[in-house]
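*Asks:* Predicted model, plus sequence, below.
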Amino acid sequence: MTDDTRIKILIVDDEDNIRHLLRLAFEDGFEVLEAADGMEAFDKALQVKPHIILSDIMMPRLDGYGLYRKIKSRPETSSIPFVFLSAKKDVDERVVGLEMGADDYITKPFSIKELKAKVRSITKKLSELKELGSLEGLIKEVDLVDVIQLIEMGRKTGMLLLESSLGPGRIYFDHGEPVYAKTGDWEGIEAFYTMLSWKEGRFKLEHKILSVEENMERSGGQELLMEGVRLADEMEESVRNLPPASTVLQPGEEAEKAEGKLKELVQAFEGGVGIHSALEKSGLPPYIFFPLTREALKKGMLAGRTDTAIKSDLLRKIRVALEKL
Amino acid sequence: MIIRYMILSPSEQARQAFLGGLFGTFELSPRGHGEKVTLNVEGGDLEVVGMGIAGKLQNMTLKLLERGVQVDGILILIPSGDDASWAEARSITQWVQSSGRPVAVKTWVFNALEDLDKETTKKNLLTLVKEHEAHLLS
């Protein structure tokens, strides 16, 4: 196994002997990196992007809590599992560490066996991913957000192929970072967010280095995922609050006030159109279409089409047909 | 969605002349005493149903409407001189109006079957459509 494929563990402790002890414990199965305080650790984390960080709490310059906050505040490092190591046995300290969101809190002196077991447990998914030639499965069993997180944590390079009832899709990752996405007519970030909302279908990661024309900004997968999850939640809530899919909607009394994307949306309902037909007609991605439709209904820019309106429209067509007889 | 109009006349010949002349063809009801034509347009159908028996025009219409059968408009064809049918037509019109039902009703008294030419029947049916539209908007 080359260094590139080994799980990188960053040990942060101001005591040389502790770092040495941990290096001996882990260098058999991991690539071990060291830092003597929080500041050094943070710089190293940004530079090397370790797969897991084991950190002491009491350290000069920047303590363990400060390091944790800095690591979690940066998109490129926020997904790294974090374990506090401390001589403090105080229960309150332990609670503080865990409440902050750390993956674990281990008190010194600790058994190396126990520590290794905990680290292995935390990195189990990563190890599995590393051992697999490809990652594949059903979206209903493994949420796409988790799949993408695994790819990100594993710094994988390859094409994630998706197949759902809504069509095929592809996301290319470069060392865990999504740089290209496409599904249907959507590309880049719109395609990425659209696919994140898929709840069924299959996925398969093909480990291949491809020359793709990047259509996504490299801004850190974690940040994209958080925004994607927020948009998917917003879309689901909007769908739940909309009338049934078969409902015919048409521009409402306030339609003329619509601007920008709202105007595009209202135009898709011109003449009275079912919600799903309007989705296709609008060309808007679902995570934009559904919340906008809800907003347009609330603002009176769209209105449910009544039987009377449908009948009037039908009568107009009948009149035209009769005149042609 | 279906829009259903009734061509109500005690004269089977008049009904068939009306439907045949305007639409070129019609179906006969399997049980007799009726005809039907369906005109398909985008988003729905116009169903024009011919029916009627002398002396039972009012009774038939009331039964249909009271049983909830969808009838959106009624065009009553009365041969000139058929005073009994004309009286029934008036009663039907008054009853529909007083019941507040959104049903358009028009009566056409014709002199001879030759009067039921395509252009005139079309004009009469369009008048019924316009009255129906006015009902919807009122």
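*Replies:* Sure thing, it's come through.

*Asks:* Name all residues that make contact with residue A:20.
*Replies:* If a contact means CB atoms under 8 Å, 6 or more residues apart in numbering or on different chains, then residue A:20 has no contacts. The C-beta positions use only the backbone N, C-alpha and C, and glycine is treated the same way.

*Asks:* helix, strand or coil for it?
*Replies:* helix (DSSP: H, G, I helix; E, B strand; the rest coil).

*Asks:* Give the buried residues for stretch A:302-309.
*Replies:* Neighbour-count burial for stretch A:302-309, counted by 16 or more other CB atoms under 10 Å in any protein chain shown, picks out A:302, A:303, A:305.

*Asks:* mind listing the helices for the stretch 101-250 of chain A?
*Replies:* Using DSSP state H, counting those that start in this stretch, the helices assigned to the stretch 101-250 of chain A run over residues A:112-122, A:124-131, A:144-153, A:188-196, A:221-241.

*Asks:* Ok, which of those comes nearest residue B:133?
*Replies:* helix A:221-241 (34.5 Å; CB to CB).

*Asks:* Give me the angle between that closest one and helix A:188-196.
*Replies:* Interaxial angle, helix A:221-241 versus helix A:188-196 (axes from the mean of the first three to the mean of the last three CA atoms, to 10 degrees): 60 degrees.

*Asks:* from memory residue A:145 sits against residue A:227, does it?
*Replies:* No - applying CB atoms under 8 Å, one finds residue A:145 not in contact with residue A:227, separated by 11.4 Å.

*Asks:* To what extent is the closest residue to chain B within the stretch 151-300 of chain A buried, counted in neighbours?
*Replies:* Among all residues of the stretch 151-300 of chain A, residue A:272 sits closest to chain B, at 8.8 Å; criterion: CB to the nearest CB. Neighbours of residue A:272 under the rule other CB atoms under 10 Å in any protein chain shown: 17.

*Asks:* hmm, back to that, what's the most buried one of the helices of the stretch 101-250 of chain A?
*Replies:* Mean neighbour count (mean count of other CB atoms under 10 Å in any protein chain shown) peaks for helix A:188-196 among these, with a mean of 22.

*Asks:* Was I right to think residue A:112 contacts residue A:21?
*Replies:* Yes - contact status for residue A:112 versus residue A:21: in contact at 7.4 Å, counting by CB under 8 Å.

*Asks:* Just the mean pLDDT for stretch A:227-236, thanks.
*Replies:* Here stretch A:227-236 scores 86 as its mean pLDDT.

*Asks:* hmm, who's touching it?
*Replies:* Residues outside stretch A:227-236 that contact it (CB under 8 Å, 6+ apart) are A:145, A:192, A:193, A:196, A:197, A:286, A:287, A:290, A:291.

*Asks:* Show the contacting residues for the residue of the stretch 151-300 of chain A closest to chain B.
*Replies:* A:248, A:249, A:250, A:305, A:309, A:310, A:313.

*Asks:* cool, and residue B:28?
*Replies:* Residue B:28 neighbours (CB under 8 Å, 6+ apart): B:34, B:35.

*Asks:* how near is it to chain A?
*Replies:* Counting by CB to the nearest CB, to the nearest Å, the separation of residue B:28 from chain A is 21 Å.

*Asks:* Do you know the pLDDT at that residue?
*Replies:* Looking at residue B:28, the pLDDT reads 91.

*Asks:* got the residue ranges for the strands in the stretch 151-300 of chain A?
*Replies:* A:158-164, A:167-174, A:177-183, A:186-187, A:202-206, A:248-251, A:273-274 (DSSP state E, counting those that start in this stretch).

*Asks:* Going by mean pLDDT, which of the helices of the stretch 101-250 of chain A comes out lowest?
*Replies:* Minimum mean pLDDT among the helices of the stretch 101-250 of chain A: helix A:124-131, a mean of 58.

*Asks:* Now for the closest residue to residue A:46 other than its chain neighbours: which residues touch it?
*Replies:* In space, and not counting its chain neighbours, residue A:46 is closest to residue A:77: 6.5 Å by CB to CB, 6 or more residues apart in numbering or on different chains. Residue A:77 makes contact with A:45, A:46, A:49, A:71, according to CB under 8 Å, 6+ apart.

*Asks:* now residue A:196
*Replies:* Counting by CB under 8 Å, 6+ apart, residue A:196 touches A:144, A:145, A:148, A:225, A:228, A:229, A:231, A:232.

*Asks:* Please list all residues in contact with residue A:264.
*Replies:* Going by CB under 8 Å, 6+ apart, residue A:264 touches A:282, A:283, A:284.

*Asks:* Columns distance to residue B:94 and pLDDT on top of the contacts of residue A:272, output as JSON lines?
*Replies:* Output for these, formatted as JSON lines (distance: CB to CB, whole Å; pLDDT from 0 to 100):
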{"residue": "A:248", "distance to residue B:94": "36", "pLDDT": "83"}
{"residue": "A:249", "distance to residue B:94": "40", "pLDDT": "89"}
{"residue": "A:250", "distance to residue B:94": "37", "pLDDT": "88"}
{"residue": "A:305", "distance to residue B:94": "34", "pLDDT": "76"}
{"residue": "A:309", "distance to residue B:94": "30", "pLDDT": "78"}
{"residue": "A:310", "distance to residue B:94": "30", "pLDDT": "80"}
{"residue": "A:313", "distance to residue B:94": "31", "pLDDT": "86"}
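
*Asks:* ok, these vs residue A:8, which is closest?
*Replies:* Closest approach to residue A:8 among the contacts of residue A:272 (CB to CB): residue A:249, at 53.1 Å.

*Asks:* quick one, what contacts that closest one?
*Replies:* Counting by CB under 8 Å, 6+ apart, residue A:249 touches A:243, A:269, A:272-275, A:278, A:293, A:297, A:302-305.

*Asks:* Then residue A:199?
*Replies:* So, once contact is read as CB under 8 Å, 6+ apart, residue A:199 ends up touching A:139, A:140.

*Asks:* can I get the buried residues of stretch A:302-309 in a markdown table with distance to residue B:60?
*Replies:* Listed next are the buried residues of stretch A:302-309 as a markdown table, based on distance: CB to CB, whole Å:
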| residue | distance to residue B:60 |
| --- | --- |
| A:302 | 43 |
| A:303 | 39 |
| A:305 | 34 |
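
*Asks:* now, which of these sits nearest residue A:205?
*Replies:* Using CB to CB, the buried residues of stretch A:302-309 come closest to residue A:205 at residue A:302, 40.2 Å.
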